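> Below: sequence and its predicted model.
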Amino acid sequence: MAAMQESSLRNLNYGDRDSVGLFQQRPSTGWGSVEQIMDPVFAAQSFYGINSFGSNPGVIQQPGWQTMNPGQLAQAVQRSAYPDRYDNWYNLSVELLNDYRSGR
């Protein structure tokens with residue numbers, strides 16, 4: 001949901017201020033170097049909180065993340081100026097996940 005909202009799943013080398021990559025993370029706010037953030041694996045690991053780089057808490061560092069609304073959870077990590085927009089991608093995200101799980 002977050003990458004869909006932030007970049008339409010495109011690994012962008014531009015964005016608002018110094019935001020780059022799938023999640024439009026910012027080097028100036030501690031997400032990593034431009035090169036690191038442009039690596040989709042690194043960016044996803046940072047978003048989910050499974051790499052130890054930087055001081056930004058990812059998904060699994062959010063208190064109560066297991067029971068949070070997905071849009072609110074994305075907002076807690078991303079701190080977007082448009083917090084309600086992540087929810088717009090919920091249904092498509094579920095559909096894509098179900099297709100992936102079923103092998104489609």
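Here it is on my side, so go on.
> so how far is V94 from F42?
26 Å (CB to CB, to the nearest Å). Using the backbone N, CA and C atoms, a C-beta is placed for each residue, glycine as well.
> do the same with F47
For F47, the distance to V94 - CB to CB - is 18 Å.
> more crowded one of those two?
Neighbour count, other CB atoms under 10 Å: between F47 and V94, F47 has more, with 23 against 12.
> residues in contact with stretch 3-20?
Contact partners of stretch 3-20, identified using CB atoms under 8 Å, 6 or more residues apart in numbering, comprise 21-28, 34, 37-38, 40, 44, 47, 74, 78, 80, 85-86, 88-89, 92-93.
> List the buried residues for that stretch?
3-7, 19-20 (16 or more other CB atoms under 10 Å).
> quick one: it to chain centroid distance?
Stretch 3-20 has its C-alpha centroid displaced from the chain centroid by 10 Å (CA atoms, centre = their mean, to the nearest Å).
> what's the answer for stretch 55-66, then?
12 Å.
> Which of the contacts of stretch 3-20 are buried? Put it as a ChimeraX command.
In ChimeraX, this line selects whichever of these come out buried by 16+ other CB under 10 Å:
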select :21,22,23,24,25,26,27,37,38,44,47,74,78,80,85,86,89,93
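> Next step: the contacts of stretch 3-20 restricted to helices.
34, 37, 40, 44, 47, 74, 78, 92-93 (DSSP state H).
> For my notes, please list those residues in CSV and give distance to G54 for each entry.
Output for the ones in helices among the contacts of stretch 3-20, formatted as CSV (distance: CB to CB, whole Å):
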residue, distance to G54
V34, 13
I37, 10
P40, 17
A44, 14
F47, 11
A74, 18
Q78, 14
L92, 29
S93, 25
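> Which members of those are the farthest-apart pair?
V34 and L92 (28.5 Å; CB to CB).
> what ranges of the protein fall below the confidence cut-off?
Applying pLDDT under 70 to the chain flags no residue at all.
> rerun that using 90 as the cut-off
Residue ranges of the chain with pLDDT under 90: 16, 51-55, 104.
> what about P63, neighbour count?
Close neighbours of P63, defined as other CB under 10 Å, add up to 7.
> same check, this time on A76
19.
> Which element, helix or strand, includes it?
Take DSSP states H and E as the rule and A76 turns out to sit in helix 70-78.
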